[in-house]
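1. I'd like to go over a predicted model; first the sequence, then the structure.
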Amino acid sequence: MISRRDFLQTSMAAAALYGGSGFGNWARVAAQQSLTQDKLLEFDTFGNVSLIHVTDIHAQLKPIYFREPSVNIGVGDNKGAVPHVTGADFRKLYGIDDGSPSAYALTYDDFASLGKAYGKVGGLDRVSTVINAIRADRPDALLLDGGDTWHGSYTCYHTQGQDMVNVMNALKPDAMTFHWEFTLGSDRVNEIVEGLPFAALGQNIFDAEWDEPTELFPPYKFFERGGVKIAVIGQAFPYMPIANPGWMFPEYSFGIRDERMQEMVDEVRAQGAELVVCLSHNGFDVDKQMAGKVTGIDVILSGHTHDALPEPVLVGETIIVASGSNGKFVSRVDLDVRDGRMMGFRHKLIPIFSDVITPDAAVTKVIDEQRAPYADALAEVIGKTADDQTLYRRGNFNGTWDDLICDALISERDADIALSPGVRWGPSILPGQDITREDIWNVTSMSYGQAYRTEMTGEFLHVVLEDVADNLFNPDPYYQQGGDMVRVGGLGYRIDVTKPQGDRITEMTLLKTGEMIDPAKTYQIAGWASVNEGTEGPQIWDVVEAHIAKQGTISLDPNNSVTVVGT
Amino acid sequence: MELTRRNAILLGASALLVAGLPIHATASTDDAIAAFTGGAEVGEGDITLTAPEIAENGNTVPIEVSSETAVEIMVLATGNPTPAVATFKFGKLAASRSASTRIRLAGTQDVVAIAKLEDGSFVQATSAVKVTIGGCGG
């Protein structure tokens, strides 16, 4: 008898052979100069259940440019493993031609020239067209939102997430889980969730006082689709009160809680679930580890770490699907569920090429309604990029957007050293492109954006860098928080990612003097996005806007101040 | 049941003071274990310690210990100035041999639970709990 794992491996092999993930097709359509909506959506409907996954949209309603990372280091057992593969290695792994649409969508090389050729990506009206097309094939397909939806733009900030709630409601999701949503503050989150027309799930969202499950966020929901009883279990971001300001949502506690995840899987199986889907905001490496510990999950729809993977990763009998960020991709997963078990799948990571996919006019209208009250403020041009300057963020260490933000902090706040959070959201700007106020907010907007100025000793600065580095490079994924390294301005250092906490960061240098950082000496530090309550200072978007306005045209020196070893 | 973890409340500003580099076990941890076991060998088995991987607040970290057959369970925070946390005793009629409490951790360290079982043997479970400054979530 063929085991279930054999079936799943057959599905994996089919994906690789026939381009079930769509990648073979992309290369061909590029060669034929015929990148069309029909080709992007081409999919032989399979099995009896379809899942549609979107995640980490970060309030990007309109098409944007988004450059994938050049540096994404895996440590421990994940060294060199997907998703810690970038650029040419990524293209080789998935058989992607240089310069092809898939190379543009999934890797960073030649980003500026490919961006000019292939155009912007995303836009929730285009996402809606893709969802509608899948629903035309399979009317009862489940749409699942992995969270980080109500955060990340000018309009989202000013409407406290209402713009995203209104537009997502038009897309009609079936369930959602959470992360940055909680930085709206627990009162606002509770208010929105109480009115949501779909399930708000999180088996790991607990009441902090009593350390017990909440009523507002149930662990799972059952759906009956294609004659199959499906349980969707939510898994919110585990480290919210640590990575984000816990004082904004003191009533809630999180954590991985994989033992409860197992209890929930057992519970839904006992209630007759034939398919168990985990809608997760764990981050990819945490999901891989959880899939190895918790048995009985068929599909993990993975979010948080913003990875876009053309094929699922198989761990035991669980497939893990990663669907990118910022509205750039939609994953379609068709499943064959028979005799109470998932026996095979077909998957496609659909890139949202904005110029190729026709917007859904009904959703365009909803989006425009949200933006109309702010149209003038959004569109105001503050500066532009030089003809050879791309602005981007993604990557384990500084991106050019981060360099610009750190420059702004040092000059506007008169500091020796700048610190900027290693978040993974924020669209890119091509060379020679206007920088609008909306663009600045897209990389800075948050509910705790105060730009602080403080003194730190060299010793404490080292502790800070070591602490953040361990959140990224701890060899056990359960101790990782899924962000990137804190970005620094005015400071150089060497990092050995293989060392334990306390020994990774050496050769810290104050760039303006070239001197080594003295542990006993005090330095002026400017930063933003502190998790501490009562942080004072101007909002970071105002600091960055003032700096860009003074510069006019943005041209940055290459940043070689961080030396990375052990990769 | 596997080794499991639970989490607590918010990260206060005070966490900045306790965060830092891992704290290593002190000699008094070894002394406390020796006093509890009388020097007997400590194995693995019927003892479950539940603690968070990363504490949401190092000042109040929820932990839980349980065992089917323990008569006594000692909990140690190996990196605290005073490692002894609590020793729970269970009688023959105890319906459930488990206990939960919240403990303060002086920094990233191992929390250890050692159970004395009905047969007189000793078993141990260890859980590393990280106390971090936080910030910078993706």
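-> Alright, I've got the coordinates.
2. Local confidence estimate at the closest residue to chain B within chain A?
-> Relative to chain B, the nearest point of chain A is A:Ala243 (2.5 Å; CB to the nearest CB). All C-beta atoms are positioned from the backbone trio N, CA, C, and that covers glycine. pLDDT, A:Ala243: 92.
3. same check, this time on A:Leu106
-> Reported pLDDT for A:Leu106: 97.
4. Which stretches in chain B count as strands?
-> Taking DSSP state E as the criterion, chain B contains strands spanning B:42-43, B:48-50, B:61-66, B:70-77, B:84-89, B:98-103, B:109-117, B:122-129.
5. okay, the ones you listed in JSON lines with mean pLDDT next?
-> Formatted as JSON lines, the strands of chain B follow (pLDDT from 0 to 100):
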{"stretch": "strand B:42-43", "mean pLDDT": "94"}
{"stretch": "strand B:48-50", "mean pLDDT": "95"}
{"stretch": "strand B:61-66", "mean pLDDT": "96"}
{"stretch": "strand B:70-77", "mean pLDDT": "96"}
{"stretch": "strand B:84-89", "mean pLDDT": "94"}
{"stretch": "strand B:98-103", "mean pLDDT": "95"}
{"stretch": "strand B:109-117", "mean pLDDT": "96"}
{"stretch": "strand B:122-129", "mean pLDDT": "96"}
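6. Could you pull out the strands in the stretch 301-450 of chain A for me?
-> A:313-315, A:318-322, A:329-338, A:341-351, A:381-385, A:417-420, A:434-436 (DSSP state E, counting those that start in this stretch).
7. now the strands of chain B as a markdown table including distance to B:Ala32 and mean neighbour count?
-> Formatted as a markdown table, these follow (distance: least, CB to CB, whole Å; neighbours: other CB atoms under 10 Å in any protein chain shown):
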| stretch | distance to B:Ala32 | mean neighbour count |
| --- | --- | --- |
| strand B:42-43 | 12 | 15 |
| strand B:48-50 | 16 | 22 |
| strand B:61-66 | 16 | 23 |
| strand B:70-77 | 6 | 23 |
| strand B:84-89 | 6 | 16 |
| strand B:98-103 | 15 | 16 |
| strand B:109-117 | 9 | 24 |
| strand B:122-129 | 12 | 19 |
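8. Let me have those strands in CSV, adding distance to chain A as columns.
-> CSV is the format used below for the strands of chain B (distance: least, CB to the nearest CB, whole Å):
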stretch, distance to chain A
strand B:42-43, 22
strand B:48-50, 7
strand B:61-66, 5
strand B:70-77, 17
strand B:84-89, 17
strand B:98-103, 8
strand B:109-117, 12
strand B:122-129, 8
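9. hmm, back to that, return the most buried member of the strands of the stretch 301-450 of chain A.
-> Stretch with highest mean neighbour count among these: strand A:417-420 (a mean of 28; mean count of other CB atoms under 10 Å in any protein chain shown).
10. what about the residue of chain A closest to chain B, how many neighbours?
-> 26 (other CB atoms under 10 Å in any protein chain shown).
11. nearest residue to A:Thr155 other than its sequence neighbours?
-> Of all residues not flanking A:Thr155 in the chain, A:Asp163 sits nearest, at 4.5 Å (CB to CB, 6 or more residues apart in numbering or on different chains).
12. part of a helix, is that neighbour?
-> Yes - assignment of A:Asp163 by DSSP: H, G, I helix; E, B strand; the rest coil places it within a helix.
13. can you tell which of the strands of the stretch 301-450 of chain A is closest to A:Ser555?
-> strand A:381-385 (7.8 Å; CB to CB).
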